[in-house]
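>>> need a 3D model of the following:
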Amino acid sequence: MPELKRKRLLDNHIWIIYILSAILLAVLFYYEWIIGIVGAVLLLASLAYSIQRENKRMEELQDEIKLISTRVKMVGKEALSELPFGIVLYDENYKIEWANPYMRQFNTDEAEVIGSSLNFLSEELVTDIKEDRKDTIVQLDEYYFHTKINKNERLVYFIDETEREQLRTVYENDKTVLFIIFLDNYEDITLPMDDTAKSLLNSEVTSLINDWAKRNGLYMKRTSQERFLAIGTREILRQIEEVKFDILDEIREITGEQSTNVTLSIGVGQGDVPLPQLGELAQSSLDLALGRGGDQVAIRDEAGKVRFYGGKTNPMEKRTRVRARVISHAMTDLVKVSDKVIIMGHKSPDMDSVGAAIGILNIAKANGVEGYIVFDPDDVDTGVQRLVEAIQADEELWERFIDPDKAEDIITSQSLIVIVDTHKPSMVAEPALLAKTEYKVVIDHHRRGEEFIDNPTLVYMEPYASSTAELVTELLEYQPKTIKLKMLEATALLSGIIVDTKSFTLRTGSRTFDAASYLRAKGADTVLVQQLLKEDLRVYLQRSKLIERTEIYRDKIAIVAAEPGETYGPVLIAQAADTLLTMTGVTASFVISEREDGRVGVSARSLGQINVQIIMERMNGGGHLTNAATQIEDTSVEDVELLLKDIIDEYFEGRETK
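Reported below is the predicted structural model:
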């Protein structure tokens, strides 16, 4: 370009010279016409020569431009064919119009590619374009590509990122994961054994765990008689998760054959955090697994998300009267330093929740502190309506029941909140009260879930207990002897036990009968219990209508899906699930129906062989091994039924692959 500019500048100067020469000749011709004629001839000859030379030079320049243009086109075509990245043009219907040779390596048939949808290359590509994403990662065969999308030109570039993705995968897979392995009931089982039997059991269990660790590439070290520490990677954890932590079943089955029944709990910590924090995650996971009854695995990451495996057996009773006495004395100390005790059960309280709350009210009374039960009269199920009516007839007891608004008015920072029959803040009668004081006690018999009350002062959770009423009754036994339960109060506690054990048929241990015996001695009226638990004929007929729709799934599971548009209360569907368990061959039951609040409710029951809590947790619910439930928003009964069956299938397939 500079050369062309110089040539043009030179041409301009020549033409100026010609013009000046012509003017000079005109003057000369005026004075010496002969010399002027000679000069004019010479000037014309020079001008003709210059024009001829300029034309020739322009022809040469055009030939040169054509040659360069041809070479540029050839180089461009060659470069486009040899580019180390892919280019795809698509039309307004997201169909491929053209692809450079680089993209053809992913399909040998070019005709099949041209005219195909972009989804032929990647199922997410059309969605990415519609959502105006400029950069995405897509996978073609075993390759990974960083795509750059030019929506205006309908153009997509594919830049190979396979090596980078492989390095990232290796990096992610090699991140450290900590395992804390705990023998749940080792101390209790080995206590009565002689040294020989204890040594044999210890050797066998240790051998099983060591073999499992070596098989999966874990480094493991025993830190105490009942605790092991193992170190692995995310890739190892993924492989172990694929077989659902089969070590749980191995230990249970082999020790079960010898009638020792040792079980494992494992806490796993993973995440992009320093090692000390990783250890804290592993320990908190183990605490969560043990809080849910043991014989299971809890995996927690830095975001607090938890995954569970195992937990398919009924937890063995490890509770002792010593622990009940210690908790009772700790409760006494907390009550005495409080200005008042605020007691809360869960929303839509049942017999167990109300009965346990009344028991805690008596603990406060026995220690000379005012107690109040938070109770919303607009949130009462028919199952407790008769009990509420009986309480209302007792003015002294009823005045201790207050609504949430009054509770917020009287609570202070020195008050003690006692939560019974739940440990989830979203389920308590009035969640706002939890932030009013730092002193909180949680008493519950459900397996611990991921959601939990923040910073509780005292926690008494026993997932193998029949009911919260049973736990509270044991605490009452170690309170000052001045405590005197009223007949109605003792009956309320006994009703909670009877309802949750299905009249002492489920989750019933020797301690359950001890608690019932204590309450009976305190005046609990079994006849009144039967009156409180009676149901009217209309409810019975509704339940029967539901049961008529029963489907037997996988030979032993009863599933009921209510007619679309028909709504049933949670108590009624729970009763239907209980009734189905009494049928021959049924080991678990699930009842699904629409609720008045627009959600779809599921009530689940089992005889213990199937852990319905795990199944309900997969549906964002929870509960106990034999008694669980969930509520799901923005869905239909049919969709929930399909989801439930898929989860049940996964549950059984997971057990079979172990």
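
>>> need the contact list for the residue nearest the centre of the chain.
Geometric centre of the chain, nearest residue: Lys305, 5.8 Å, by CA atoms, centre = their mean. By CB atoms under 8 Å, 6 or more residues apart in numbering, Lys305 lies in contact with Glu450. For every residue, glycine as well, the C-beta is placed using N, CA and C.

>>> and the closest residue to Leu264 other than its chain neighbours, how many residues sit next to it?
Sequence neighbours aside, Ile251 is the residue nearest to Leu264 in space, at 5.2 Å (criterion: CB to CB, 6 or more residues apart in numbering). For Ile251, the count of nearby residues is 24 (other CB atoms under 10 Å).

>>> hang on, Ile251 is in a strand, isn't it?
No - counting by DSSP: H, G, I helix; E, B strand; the rest coil, Ile251 is not found in a strand; it is helix.

>>> do you know how far it is from Gly294?
Noted for Ile251: a distance of 12 Å to Gly294, by CB to CB, to the nearest Å.

>>> which neighbours do those two have in common?
Joint contacts of Ile251 and Gly294 (CB under 8 Å, 6+ apart) are Thr263.

>>> hey, which helix or strand in the chain has the poorest pLDDT?
In the chain, no helix or strand scores lower on mean pLDDT, DSSP states H and E than helix 110-113, which sits at a mean of 58.

>>> what's the first helix or strand after it?
Sequence-wise, the next helix or strand downstream of helix 110-113 (DSSP states H and E) is helix 125-130.

>>> pull out the buried positions in that next one.
125-126, 128-129 (16 or more other CB atoms under 10 Å).

>>> which SSE is immediately downstream of it?
Using DSSP H and E, the next helix or strand after helix 125-130 towards the C-terminus is strand 135-140.

>>> contacting residues for Val472?
Contacts of Val472 (CB under 8 Å, 6+ apart): 355-356, 359-360, 363, 420, 443, 493.

>>> mind putting those residues into JSON lines with distance to Thr505, neighbour count and pLDDT?
Listed next are the contacts of Val472 as JSON lines, based on distance: CB to CB, whole Å; neighbours: other CB atoms under 10 Å; pLDDT from 0 to 100:
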{"residue": "Gly355", "distance to Thr505": "19", "neighbour count": "34", "pLDDT": "94"}
{"residue": "Ala356", "distance to Thr505": "20", "neighbour count": "32", "pLDDT": "95"}
{"residue": "Gly359", "distance to Thr505": "23", "neighbour count": "29", "pLDDT": "94"}
{"residue": "Ile360", "distance to Thr505": "27", "neighbour count": "28", "pLDDT": "95"}
{"residue": "Ile363", "distance to Thr505": "29", "neighbour count": "25", "pLDDT": "94"}
{"residue": "Val420", "distance to Thr505": "23", "neighbour count": "32", "pLDDT": "96"}
{"residue": "Ile443", "distance to Thr505": "24", "neighbour count": "27", "pLDDT": "94"}
{"residue": "Leu493", "distance to Thr505": "19", "neighbour count": "32", "pLDDT": "94"}
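
>>> as a markdown table, these with secondary structure and distance to Gln392 would be great.
Below are the contacts of Val472 laid out as a markdown table (DSSP: H, G, I helix; E, B strand; the rest coil; distance: CB to CB, whole Å):
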| residue | secondary structure | distance to Gln392 |
| --- | --- | --- |
| Gly355 | helix | 16 |
| Ala356 | helix | 19 |
| Gly359 | helix | 19 |
| Ile360 | helix | 20 |
| Ile363 | helix | 22 |
| Val420 | strand | 20 |
| Ile443 | strand | 25 |
| Leu493 | helix | 18 |
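
>>> can I get the residues you listed in JSON lines with distance to Val428?
Shown next, in JSON lines, are these (distance: CB to CB, whole Å):
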{"residue": "Gly355", "distance to Val428": "17"}
{"residue": "Ala356", "distance to Val428": "13"}
{"residue": "Gly359", "distance to Val428": "17"}
{"residue": "Ile360", "distance to Val428": "14"}
{"residue": "Ile363", "distance to Val428": "19"}
{"residue": "Val420", "distance to Val428": "10"}
{"residue": "Ile443", "distance to Val428": "12"}
{"residue": "Leu493", "distance to Val428": "20"}
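
>>> what about Lys534, neighbour count?
7.

>>> what does the one 4 residues further on give?
Summarising burial for Arg538: neighbours were counted as other CB under 10 Å, giving 8.

>>> now do it against Ser593, distance only.
As judged by CB to CB, Arg538 and Ser593 stand 16 Å apart.

>>> just Glu92 next, same as before
48 Å.

>>> more neighbours, those two?
Ser593 (25 against 6).

>>> tell me which element that one falls in.
Secondary structure from DSSP H and E places Ser593 in strand 588-594.

>>> same check on Leu278?
Using DSSP H and E, the element containing Leu278 is helix 275-291.

>>> chain center to the very next helix or strand once past that helix: distance?
Under the assignment DSSP H and E, the closest C-terminal helix or strand after helix 275-291 is strand 296-300. Put simply, strand 296-300 sits 13 Å off its chain's centre (CA atoms, centre = their mean, to the nearest Å).

>>> neighbours of Lys486, how many?
Around Lys486 there are 15 residues (other CB under 10 Å).

>>> hang on, I meant Ala99
Ala99: 22 surrounding residues under other CB under 10 Å.

>>> mind listing the residues bridging to it?
Val88 (DSSP bridges).

>>> show the model's pLDDT score for it.
pLDDT recorded at Ala99 is 77.

>>> that'll do, ta.
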